[in-house]
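Visitor: One predicted model, sequence on top.
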Amino acid sequence: MQEVDGNGWVELADGSRRWGRFGAAGLLLYATDVTGSGHVLLQHRAGWTHMGGTWGIPGGARNRDETPLEAAVREFCEEVSGDLGEYTVLGRHEQDLSVWRYDTFLLRVPALTPFRPGNSESKEIRWVQVDAAENLPLLPAFRSAWPHLSADLRSATA
């Protein structure tokens, strides 16, 4: 069994804190509907969580012995109920803050597979049209990464 040693806060030079002693990672799933419109799978964070009530992607702390992709898939499976199944990695976005890093993996899945919350950290799991995602109250770090993520999605799926 894998040792769970990544939980904990890291303090940045500006005094802000990030979750994950060895960094963190998450999955941004992408699929198209029958009309070809692109959607991403987003997580509505439960009110009791850090930045609760906002929308982001399933993800969390990376353990010492995990690759960022292994951590992102593990966190997805903890927070989301449903079969991830087959996927293609379209890209990776790194937010590197020197002492802490968040890796977002852009994954293409074959269909808008139904998912639901897998634990109490998720209030809701929903497919959202790519063009409508920015209209939600996004987690601030996700909102600042969204222009890069959406551009990478558009480029990888063009």
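Guide: Perfect, thanks for sending it. Numbers count the residues shown, from 1 in each chain.
Visitor: What residue in the protein is the furthest from its centre?
Guide: Farthest-out residue of the chain from its mean C-alpha position, per CA atoms, centre = their mean: residue 35, at 25.0 Å.
Visitor: what comes up buried for the longest helix along the chain?
Guide: In terms of residue count, the longest helix belonging to the chain (DSSP state H) is helix 140-157. For helix 140-157, the neighbour count (16 or more other CB atoms under 10 Å) marks 141-143, 145-146, 149-150, 152-153 as buried. (Each C-beta comes from the backbone N, C-alpha and C, glycine too.)
Visitor: So which residues make contact with that helix?
Guide: 28, 30, 38, 40, 51, 54-57, 90-91, 93, 95, 102, 104, 106, 108, 130, 133-134, 138 (CB atoms under 8 Å, 6 or more residues apart in numbering).
Visitor: Next secondary structure after the helix or strand of the chain with the lowest mean pLDDT?
Guide: Using mean pLDDT, DSSP states H and E, the weakest-scoring helix or strand in the chain turns out to be strand 17-19, at a mean of 86. Counting by DSSP states H and E, the element after strand 17-19 in chain order, helix or strand, is strand 24-32.
Visitor: Let me see the mean pLDDT of that following strand.
Guide: The average pLDDT for strand 24-32 rounds to 97.
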